[in-house]
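I need the structure of the sequence given here:
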Amino acid sequence: MAREDDLDAFDLNEDSRESSSAHGAPRRFEPGELVACEKCLRANAPTRMNCLYCGAPLPVTERSAALRRPALRKLEEWEQGFNVVLHPPPTRPAPETIEELASLLRLDAARLSEMSDSGTALPVARAASEEEAELIVGRIKARGLDAEVFGDDPLARTPVRVRALAFDADALVLMTTAEAEPARVSWDDVLLLVAGRVVTRRVELEERPSKLTGRGRVMDAREVASDEAVLDIYTSDAAREGFRVMADGFDYSCLGESKGLLARDNFKTLILKLRGRAARAAFDEEYARLRGVLASAWPPAERN
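Purely as a prediction, here's the structure:
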């Protein structure tokens, strides 16, 4: 739990302490500044959004409105979150603005500056509630920058994997499985092509319990890593999740005489051919450049 949310037991006859200044310096709150939880009636620092003791939402007072800070705890994989996306500013923010927002977002100032200078919209935080996300957006806008909130639901829609393609004169034909009817999409309806990579790393440990220590002793360890190119295809049909082409295991017969021996070369040729046919489609290949900063709000998923 972040330092801003760690609180000593309250004694209403003494000052309470909370680390909540812009630079994380400890400060004390007067008893009159504390916010009482409506559920358990215990006093909380005015920087908190939820009760430290029972977790219930705290009421917003006139004094606490300007002091509240997001907790920004790391969400579990199954939890639904709200993503705060920072829009690229027209001019470079002042260093003190970057410092203040970096403290608010629990980010390194250099990393936030890198996001601001990237020239594209990027997620800077993933909050547990819409109220927390809107609080962050309000603080960002108060400092002259722009941001908005996206829930997890539209972002969690996984594109349908495509096994083969066919190029008709007026449409792109996408084949998903042998049983499913191929999908036809007019070339004018192909609006976005996104190139990226799916990186996975798997570590397997073989342990043998020890009678002396009671702990498992590692007998063998194996590590397997993969890095595969991927292309997502999005259309004007909002009801569709989109389509995904994985570089490996794809039938490149649609390339005809342009088909080569290596999947990586065929994948590049496929992208060029799609871009040539889908004249209206935007092409985004920024993932490779922005992969590092994306991990600040969207860290890689880990399973044990």
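
what's the helix or strand hosting L174 in contact with?
Counting by DSSP states H and E, the element that carries L174 is strand 171-175. With contact meaning CB atoms under 8 Å, 6 or more residues apart in numbering, strand 171-175 is reached by 162-167, 182-187, 190, 233, 243, 274, 277-278. (C-beta placed from N, C-alpha, C; glycine too.)

list the helices and strands the helix or strand that comes right after that strand packs on?
For strand 171-175, the following helix or strand on the C-terminal side (DSSP H and E) is strand 183-186. Strand 183-186 is packed against strand 171-175, with contacts defined by 3 or more CB pairs under 8 Å, 6 or more residues apart in numbering; DSSP states H and E.

Counting neighbours, which bits of the strand it packs on end up buried?
Going by neighbour count (16 or more other CB atoms under 10 Å), the buried part of strand 171-175 is A171, L172, L174, M175.

And for stretch 106-119?
R106, L107, R111, L112, S113, E114, M115, S116.

can I get the CA coordinates of the strand holding L174 in PDB?
This file holds the C-alpha atoms of strand 171-175, laid out as PDB (Å, rounded to 0.1, in the frame of the first residue of the first chain):
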ATOM      1  CA  ALA A 171     -14.100  -6.800 -50.000                       C
ATOM      2  CA  LEU A 172     -11.700  -8.500 -47.500                       C
ATOM      3  CA  VAL A 173     -12.700 -12.100 -46.700                       C
ATOM      4  CA  LEU A 174     -11.700 -13.300 -43.300                       C
ATOM      5  CA  MET A 175     -11.700 -17.000 -42.400                       C
END
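
List the strands paired with it, with their directions.
Strand 171-175 has the following strand partners under DSSP bridges: strand 164-167 (antiparallel), strand 183-186 (antiparallel).

if we can go back for a sec, T200: which of the buried residues of stretch 106-119 is nearest?
R111 (24.5 Å; CB to CB).

Grab the nearest non-local neighbour of that closest one.
S296 (6.1 Å; CB to CB, 6 or more residues apart in numbering).

quick one, what contacts that neighbour?
The neighbours of S296, taking CB under 8 Å, 6+ apart as the test, are L107, R111, M115, P123, V124.

Let me know the secondary structure of the first one.
Three states are possible here, and by DSSP: H, G, I helix; E, B strand; the rest coil the one that applies to L107 is coil.

if we can go back for a sec, quick one: mark the members of the contacts of S296 that sit in strands.
Applying DSSP state E to the contacts of S296, the entries found in strands are P123, V124.

Any chance of a markdown table for the contacts of S296, columns pLDDT?
Formatted as a markdown table, the contacts of S296 follow (pLDDT from 0 to 100):
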| residue | pLDDT |
| --- | --- |
| L107 | 94 |
| R111 | 95 |
| M115 | 95 |
| P123 | 96 |
| V124 | 96 |
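
Name the member of the contacts of S296 with the shortest distance to L261.
Of all the contacts of S296, L261 sits closest to P123, with 38.9 Å by CB to CB.

Could you report the separation of that closest one from L107?
When distance is defined by CB to CB, to the nearest Å, P123 is 11 Å away from L107.

Which PyMOL command selects the buried ones in the contacts of strand 171-175?
To isolate the buried members of the contacts of strand 171-175 in PyMOL, using 16+ other CB under 10 Å:
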select buried, resi 162+165+183+185+187+190+233+243+274+278
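
Could you verify my assumption that L72 touches V124?
No - look at L72 against V124 with CB atoms under 8 Å: they stay out of range, at 10.2 Å.

Show me the beta-bridge partners of L122.
Bridge pairing for L122 - DSSP bridges - gives L86.

Could you tell me how many residues sit around it?
Other residues near L122 come to 22 when the count uses other CB atoms under 10 Å.

that older thread, which among the strands paired with strand 171-175 is found nearest to D220?
Closest approach to D220 among the strands paired with strand 171-175 (CB to CB): strand 164-167, 39.6 Å.

in stretch 67-74, what counts as buried?
By neighbour count on 16+ other CB under 10 Å, the buried set for stretch 67-74 is L67, R68, R69, P70, A71, L72.

I'd like the contacts of S296 as a markdown table, with distance to K268 appended.
Output for the contacts of S296, formatted as a markdown table (distance: CB to CB, whole Å):
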| residue | distance to K268 |
| --- | --- |
| L107 | 35 |
| R111 | 31 |
| M115 | 29 |
| P123 | 28 |
| V124 | 32 |
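
which two from the contacts of S296 end up farthest apart in space?
Set against one another by CB to CB, the contacts of S296 have their most distant pair in R111 and P123, with a gap of 12.5 Å.
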